[in-house]
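Peer 1: predicted model and sequence below, questions to follow.
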Amino acid sequence: MNIKRATALALSLSLLLGAAACGKSDSEAADTGSKTSAELLEEENAILDAHQELWNQVFASMDKSSPAMAENYGDVLLSALENCRDSLSDGDYQTLKSDAESIRSIEEQIAALPADDSAGQSETAAASAFPEFTGKDLDGNAVDSSLFANNAYTVVNFWFSGCKPCVAELGELDKLNQTAKQQGGEVIGINTETLDGSADAIATAKEILQTKGATYRNIYFDSSSDAGTFALGIMAFPTTYVFDRNGNAVGEPLLGGIDNADNLAQLQKNIDAALAADQK
């Protein structure tokens, strides 16, 4: 697993915290004081931003096939920190451990908030569907959300150019796309560094894709759009979704490359489920 930058981490926190939060009584919520979930999230983001480079080092060392996140993000951070403790100085380790423990405490406060104040609930609900968008492919051709309706299923792979596991699976994704076309499906790539149409990022992505023999469509859109928020909310790279004709996610997203046999098998289950539903 790899992390692109602090922006993605901050956005993904909103999704994770929304999933973790549950309805509590007013008396339980009173213990959090007058702070709102947004204010508490700002505190978390400030903690992470203060030591951004160190946290990027921690996330870069995480196992790309790690399971889904724990409910309290502080526990996720502590686990990741322990896994790469040997690569950190004692001082850096203690600094990050203090960060993680503070975030764990903040998350406990957020979880105690009333349901109508829990952060990211709407984002979490929407996370099962790909937001509507307009954008372009890497050759400048216009694309939009209608691409889902045109396919029996759409495999969407989130990646970025500096992610080795992402690049390693591009050839396998191209093979998958050839199979998908025969089934009325399609593989789409979204390189999060190309959002907003960065010319340099697009050139780099196209060069990598060409080197790996990957010819399937890669697209981008504005980072400030709902689709941009969805893309930047991806924490683990690569992450691969299967969407139906309505743009709804089928099964759980796959964390890690499909060059791993177990991962490919899980992805195939999602594809089979999408095809079965489409044929009804």
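Peer 2: Nice, I can see it.
Peer 1: quick one, what contacts residue 206?
Peer 2: Contact partners of residue 206, counting by C-beta atoms under 8 Å, 6 or more residues apart in numbering, are residue 138. (Each C-beta comes from the backbone N, C-alpha and C, glycine too.)
Peer 1: since we're on the residue nearest to residue 159 when sequence neighbours are not counted, how many residues are nearby?
Peer 2: Once flanking residues are discounted, residue 159 sits nearest to residue 166: 3.5 Å by C-beta to C-beta, 6 or more residues apart in numbering. Neighbour count for residue 166, taken as other C-beta atoms under 10 Å: 24.
Peer 1: do residue 279 as well
Peer 2: Neighbours around residue 279, by other C-beta under 10 Å: 8.
Peer 1: repeat for residue 211
Peer 2: When neighbours are counted by other C-beta under 10 Å, residue 211 comes out with 11.
Peer 1: where do the helices sit along the stretch 51-200 of the chain?
Peer 2: 52-60, 73-83, 90-111, 121-126, 146-149, 164-168, 170-182, 199-211 (DSSP state H, counting those that start in this stretch).
Peer 1: and the ones you listed, which one is worst for confidence?
Peer 2: Lowest mean pLDDT within the helices of the stretch 51-200 of the chain: helix 121-126, a mean of 36.
Peer 1: out of the helices of the stretch 51-200 of the chain, nearest to residue 276?
Peer 2: In terms of C-beta to C-beta, the element of the helices of the stretch 51-200 of the chain nearest to residue 276 is helix 170-182, at 15.1 Å.
Peer 1: circling back to that earlier point, ok, now how distant is the residue nearest to residue 159 from residue 246?
Peer 2: To residue 246, residue 166 is 27 Å away according to C-beta to C-beta, to the nearest Å.
Peer 1: residue 179 too?
Peer 2: 22 Å.
Peer 1: pretty sure residue 247 contacts residue 133?
Peer 2: No. Using C-beta atoms under 8 Å, residue 247 and residue 133 do not qualify as a contacting pair, with a distance of 9.7 Å.
Peer 1: common neighbours of these two, please.
Peer 2: residue 145.
Peer 1: show me the contacts for residue 43.
Peer 2: residue 106.
Peer 1: OK, contacts around residue 205?
Peer 2: Counting by C-beta under 8 Å, 6+ apart, residue 205 touches 138, 161, 191, 193, 194, 218.
Peer 1: rerun at 6 Å
Peer 2: By C-beta atoms under 6 Å, 6 or more residues apart in numbering, the contact list for residue 205 reads 161, 191, 194.
Peer 1: the strand or helix carrying residue 269 versus helix 170-182: what angle between them?
Peer 2: Residue 269 belongs to helix 261-278 when elements are defined using DSSP states H and E. Helix 261-278 runs at 20 degrees relative to helix 170-182, counting by axes from the mean of the first three to the mean of the last three C-alpha atoms, to 10 degrees.
Peer 1: I'd like the average pLDDT over helix 261-278.
Peer 2: Mean predicted lDDT for helix 261-278 stands at 92.
Peer 1: figure out which of the helices of the stretch 51-200 of the chain is closest to residue 230.
Peer 2: Of those, nearest to residue 230 by C-beta to C-beta is helix 121-126, at 7.7 Å.
Peer 1: distance of residue 272 from residue 244?
Peer 2: In terms of C-beta to C-beta, residue 272 sits 12 Å off from residue 244.
Peer 1: cool, and residue 278?
Peer 2: 7 Å.
Peer 1: repeat for residue 164
Peer 2: 31 Å.
Peer 1: between these two, which has more neighbouring residues?
Peer 2: Legend: neighbour count by other C-beta under 10 Å for residue 164 and residue 244, higher for residue 244 (20 against 12).
Peer 1: hmm, residue 275 and the more buried one touching each other?
Peer 2: No. Using C-beta atoms under 6 Å, residue 244 is not in contact with residue 275, being 9.5 Å away.
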